[in-house]
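**Student:** sequence and predicted structure are below.
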Amino acid sequence: MSSDNSKNLPLREIPGGYGVPFFGPIADRYDFFYNQGADEFFRSRKEKYKSSVFRCNMPPGPFIAKNPQVVVLLDSVSFPILFDVSRVEKRDIFEGTYMASTKFTGGYRVLSFLDPSEPKHATIKGLFIQTLAKLHDRFLPLFSSISDDMFAQIEDEVGKTGESNYNDINDVKSFEFLFRLYCNDVKPSDTKLGTGAAKSITTWLLPQIAPVTSFGLSWLPGFIEDLLMHTFPIPFFLVKSQYNKMYDAFINNLGPLLDDAEKAGLKRDEACHNFIFFVCFNSYAAFKFFLPELMKYIGSAGEDLHRKLAEEIRAAVELEGGKITVNALNNMPLTESAIWEALRIEPPIRYQYAKAKEDITIQSHDASYLIKKGETIFGFQPFATKDPNVFENPDTYIPDRFVGEGKKLIEYVYWSNGRGTDIPTANDKQCLGRNMIILLSRLHLAEFFLRYDTFTVEVSKYLFSSIIKFKSLTKASSST
């Protein structure tokens, strides 16, 4: 049995429980989705048990999940056990206590579902690391080109109708960037995906995440949503035609990347399905859900922050001769901090799962707990990254939180399935898109504030994401 009991904190029995078999998981599911919502579900149990570590059931429960019973971690001290692949296993647990049919991924268990102990894990992740290094020089020019089109469209819509739906445009442009990046600069509209590419990807995504997601449709009674979305798996045949279009588009345009995969010992077909999941699930979903949250927080923070960001961005670009370079982006500490703060409050990945390979003693801030071999461990990231023992005013968006000495706190922003300061390797489960998301989020804000001094947004909620509508854009009074 391994131990983290470095502070000799008292060993406490893990509080909580799972209720009556079959019915207990359903009761917890209704609380999680309908009666309380995720945040209150965890907050109320944390208060009830007076512990940030406790037992409960996680959705979806009967008929989909073989075992919904988990040990919940809600604090910044216990949470990192989920990253230690020497002591926890990540096999088939990417989506939680259930796993969608491999029909959604061409019959293969793709990288996200592999444990680092499996030989193919290092092969596939190593291929992706090599690919990102090979394509790195294309990130900035391609993203900047697409940003030109994106902001021109937003500006045109605001001018004509008084508002522009950021999410719709971001979906299309984010996928266009990713597809062109990996597929030899071919536009998705020039493939079988056509102009509805982003909608096809979303259609394929939804059945896979539906069992662990509330769609929040106020007009639909909870028990109807529960029956349709959380009681039985959604069959693949409903999205088969969309996936076939995705596969056709990628297999015909990945070209040299599939050659690299063959050299690494992978079949082209298996490599293609892995690239589809990596691009469309891991990467596109992050852009789809995180960039609107970022613009929500930046927009809602007001003109003072906008002015400071614009001044910093324009000064850094001016030092580079008026060009946005990697060096310019690295000289924008407030811009980077504002992004990390949005990732802290609204991480694009909210849940982390693992299974204990052995008996493990973990610690919270005030006690030690024994997790038995084979038990499923669950971490709710928004609580861990808003731990009041680490972050002052944890529920408040403070854009300069990570500037100067505050940069040390990045370690505790766990959004990428690792510490904020960790670098992904072929032998861990940290998100490969970590560096790309940070880099391109900085570029996104740089492109924006080179064009505009300030802006206003209207924020609403639809399904499980924030909907951002630009209501006004004030063009830059001076430009570099």
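**Tutor:** That came through fine. Numbers count the residues shown, from 1 in each chain.
**Student:** got the CA positions of stretch 65-74 in PDB?
**Tutor:** Output in PDB follows, covering the C-alpha atoms of stretch 65-74 (Å, rounded to 0.1, in the frame of the first residue of the first chain):
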ATOM      1  CA  ALA A  65     -22.700   2.200 -16.200                       C
ATOM      2  CA  LYS A  66     -21.500  -1.100 -14.800                       C
ATOM      3  CA  ASN A  67     -20.500   0.500 -11.500                       C
ATOM      4  CA  PRO A  68     -21.600   4.100 -10.800                       C
ATOM      5  CA  GLN A  69     -20.000   4.100  -7.300                       C
ATOM      6  CA  VAL A  70     -17.100   6.700  -6.900                       C
ATOM      7  CA  VAL A  71     -14.900   8.400  -4.300                       C
ATOM      8  CA  VAL A  72     -15.300  12.100  -4.900                       C
ATOM      9  CA  LEU A  73     -12.400  14.500  -4.500                       C
ATOM     10  CA  LEU A  74     -13.200  18.300  -4.300                       C
END
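**Student:** quick one: distance of it to the chain centre.
**Tutor:** Here stretch 65-74 shows a centroid-to-chain-centroid distance of 20 Å under the convention Cα atoms, centre = their mean, to the nearest Å.
**Student:** how about the contacts made by the residue positioned nearest the centre of the chain?
**Tutor:** Centroid check for the chain by Cα atoms, centre = their mean gives Pro348 as the closest residue, at 3.0 Å. Contacts for Pro348 (Cβ atoms under 8 Å, 6 or more residues apart in numbering) come out as Ala285, Ala286, Phe289, Phe290, Glu293, Trp415, Ile437. Where you see a C-beta, it was placed from the backbone N, CA and C, and this is true even at glycine.
**Student:** take those residues and keep only those in helices.
**Tutor:** Per DSSP state H, helices hold the following members of these: Ala285, Ala286, Phe289, Phe290, Glu293, Ile437.
**Student:** burial count for the fourth one?
**Tutor:** Right, the one you point to is Phe290. Neighbourhood size, Phe290 [other Cβ atoms under 10 Å]: 23.
**Student:** chain neighbours aside, what residue packs nearest to it?
**Tutor:** In this structure, Phe290 finds its nearest non-sequential neighbour in Pro348, 4.2 Å apart by Cβ to Cβ, 6 or more residues apart in numbering.
**Student:** and that neighbour, how far is that from Glu293?
**Tutor:** In this view, Pro348 and Glu293 are 8 Å apart by Cβ to Cβ, to the nearest Å.
**Student:** touching, Ile81 and Glu375? I think so.
**Tutor:** No. Ile81 is beyond contact range of Glu375, at 11.6 Å (criterion: Cβ atoms under 8 Å).
**Student:** so which helix or strand takes in Thr456?
**Tutor:** strand 452-462 (DSSP states H and E).
**Student:** quick check: buried residues in that strand?
**Tutor:** Tyr452, Asp453, Thr454, Phe455, Thr456, Val457 (16 or more other Cβ atoms under 10 Å).
**Student:** how about stretch 111-129?
**Tutor:** For stretch 111-129, the neighbour count (16+ other Cβ under 10 Å) marks 111-116, 120-125, 127-128 as buried.
**Student:** so who does the residue nearest to Leu114 when sequence neighbours are not counted touch?
**Tutor:** In space, Leu114 comes closest to His121 once its chain neighbours are excluded; the distance is 4.2 Å by Cβ to Cβ, 6+ apart. Going by Cβ under 8 Å, 6+ apart, His121 touches Leu111, Leu114, Asp115, Ala426, Asn427.
**Student:** let's see 10 Å
**Tutor:** With contacts defined as Cβ atoms under 10 Å, 6 or more residues apart in numbering, His121 is in contact with Val85, Lys90, Arg91, Leu111, Phe113, Leu114, Asp115, Ala426, Asn427, Asp428, Lys429.
**Student:** coming back round to it: and the buried residues of stretch 111-129, which two are the farthest apart?
**Tutor:** Farthest pair in the buried residues of stretch 111-129 (Cβ to Cβ) is Asp115 and Leu127. Separation: 17.2 Å.
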